[in-house]
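Participant: the sequence and its predicted three-dimensional model are supplied below.
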Amino acid sequence: MPTNFAARLNRVLIALVITLLVTQLLTLKALRQNKVNTAEDMDQAGDSEVPGVSCTATVRVRWLNQRSGPNESSPITGGARRGEAMIGIGWNESRHWLLVSTSDGSAWMYASYMRLSGGCASLPVYSAENGSVEPEAQSQRQPAVPSGNVETTAAATLSPVFTPEVQYWSELILTWAAEYQMDPNLIATVIQIESCGDPAANSSAGAQGLFQVMPFHFAAGEDMLDVETNARRGLDYLQGALERSNGDVGLALVGYNGGYSVMNGGWAAETQRYYYWGSGIYAEAVSGAAVSATLEAWLAAGGTSLCARASESLRSLE
């Protein structure tokens, strides 16, 4: 009896040992497979192309074209919908375009229409000539469009990039900036693309004055074209947009143009253009540049006529 019991016990122990060994082998195999899958996923996400830098670019508009080169005239190679996130690889020379990793390889996308997070500011400039990035150039440039939260407290001076019609209001702009604790260059950017400094400007939609404020923002009896009144109503709304966007200037500009409700998405074509012009002009103004390429393009695209009317209005005040 004891002998039979001992034999059965030995068989049970051997079975347990075999079971443990098989389980361990299966576990090791699963871990190795998971490691391989993880490495493949990282390669597909583009991490292998950007060692040491993690930059995520998330599409903010309904549809954003992917292009073969950093230019509007470059052939379209595909597109991404709002909310799609990609890994950034590098910037073009002007830092308006970002090269991203896609499922088909890589593509250029316009940075103003994407929310950038992580180490995007540290990505190097990509040289199309030699098909590589140039690390030595990255410390010399900053992104053309501020990403995430930016400091909007009052600066001491106004950038020289703005047109003379906007510079006309520089003393008042600095006063408003100090009162609202807002960057005067942001205030000037709004004035630039809203009225080009014309205190008598009005639109077909009913927007009035220097800040192109809609009538329903004014209290009964207020003079909508009075510069101080117009500024306060416009800046109150801009400040509200900044608060809702947690200091994201690009989103605040979207809210100022399209209303707070569109800050979560669904931008109309006009608001997309407003974001493009406003973000670009503001970024170049705060960069310390003497001239804004985006502002020059805005003037060529129709801003010149707006500024001509503003110039005429300002002459009548003299």
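Facilitator: Alright, I've got the coordinates.
Participant: tell me the SS of A289?
Facilitator: coil (DSSP: H, G, I helix; E, B strand; the rest coil).
Participant: so how far is V166 from it?
Facilitator: 16 Å (Cβ to Cβ, to the nearest Å). Heads up, the C-betas are built off the backbone N, CA and C, glycines and all.
Participant: of these two, who's got more company?
Facilitator: Set A289 next to V166 and count neighbours by other Cβ atoms under 10 Å: V166 wins out with 26 against 14.
Participant: surely the more buried one meets Q192?
Facilitator: Yes: look at V166 against Q192 with Cβ atoms under 8 Å: they come within range, at 5.1 Å.
Participant: what's the average pLDDT for stretch 255-264?
Facilitator: If you average the pLDDT over stretch 255-264, you get 93.
Participant: buried residues in it?
Facilitator: 255-258, 260, 263 (16 or more other Cβ atoms under 10 Å).
Participant: kindly report the same for stretch 284-304.
Facilitator: 284-287, 292, 294-295, 298-299, 303.
Participant: need these in TSV (columns: secondary structure and distance to N71).
Facilitator: Converted to TSV, the buried residues of stretch 284-304 look like this (DSSP: H, G, I helix; E, B strand; the rest coil; distance: Cβ to Cβ, whole Å):
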residue	secondary structure	distance to N71
E284	helix	19
A285	helix	24
V286	helix	25
S287	coil	21
S292	coil	19
T294	helix	15
L295	helix	19
W298	helix	18
L299	helix	20
G303	helix	22
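Participant: pick the one among those closest to A268.
Facilitator: Nearest to A268, judged by Cβ to Cβ, of the buried residues of stretch 284-304 is W298 at 18.3 Å.
Participant: so what's that closest one up against?
Facilitator: Shown in contact with W298 (Cβ atoms under 8 Å, 6 or more residues apart in numbering): 192-193, 277, 281.
Participant: for E93, state which of these is nearest.
Facilitator: Looking across the contacts of W298 and measuring by Cβ to Cβ, the closest to E93 is I281, at 18.9 Å.
Participant: just the pLDDT for that closest one.
Facilitator: 94.
Participant: does it belong to a helix, a strand or coil?
Facilitator: Under three-state DSSP, I281 comes out as helix.
Participant: hang on, isn't G209 packed against A200?
Facilitator: Yes: counting by Cβ under 8 Å, G209 does reach A200; the two are 7.4 Å apart.
Participant: of these two, give the one with the bigger neighbour count.
Facilitator: More neighbours surround G209 than the other of G209 and A200, with 24 against 16 (other Cβ under 10 Å).
Participant: give me phi/psi at the more buried one?
Facilitator: phi 80, psi -170 (degrees, to the nearest 10).
Participant: which residues does Y168 contact?
Facilitator: 197, 314.
Participant: and the pLDDT for it?
Facilitator: Among the per-residue scores, Y168 holds a pLDDT of 96.
Participant: residues in contact with the residue nearest to G209 when sequence neighbours are not counted?
Facilitator: Of all residues not flanking G209 in the chain, N230 sits nearest, at 3.6 Å (Cβ to Cβ, 6 or more residues apart in numbering). By Cβ under 8 Å, 6+ apart, the contact list for N230 reads 199, 208-211, 213, 224.
Participant: tell me which element N230 falls in.
Facilitator: N230 belongs to helix 227-244 when assigned by DSSP states H and E.
Participant: which strands and helices sit next to the helix or strand just after that helix?
Facilitator: Counting by DSSP H and E, the element after helix 227-244 in chain order, helix or strand, is helix 249-258. Packing partners of helix 249-258 (3 or more Cβ pairs under 8 Å, 6 or more residues apart in numbering; DSSP states H and E): helix 184-194, helix 227-244, helix 269-286.
Participant: pick the most deeply packed of these.
Facilitator: helix 184-194 (a mean of 26; mean count of other Cβ atoms under 10 Å).
Participant: centre of the chain to that one, how far?
Facilitator: 18 Å (Cα atoms, centre = their mean, to the nearest Å).
Participant: ditto for stretch 293-307
Facilitator: The answer for stretch 293-307 is 22 Å, by Cα atoms, centre = their mean.
Participant: in stretch 58-72, what counts as buried?
Facilitator: Quick answer for stretch 58-72 (16+ other Cβ under 10 Å): 59-61, 64-67, 70.
Participant: just to revisit the earlier point, would TSV of the contacts of N230 with distance to R273 and pLDDT be doable?
Facilitator: Formatted as TSV, those follow (distance: Cβ to Cβ, whole Å; pLDDT from 0 to 100):
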residue	distance to R273	pLDDT
P199	24	96
Q208	21	95
G209	21	95
L210	20	97
F211	18	97
V213	19	95
M224	25	94
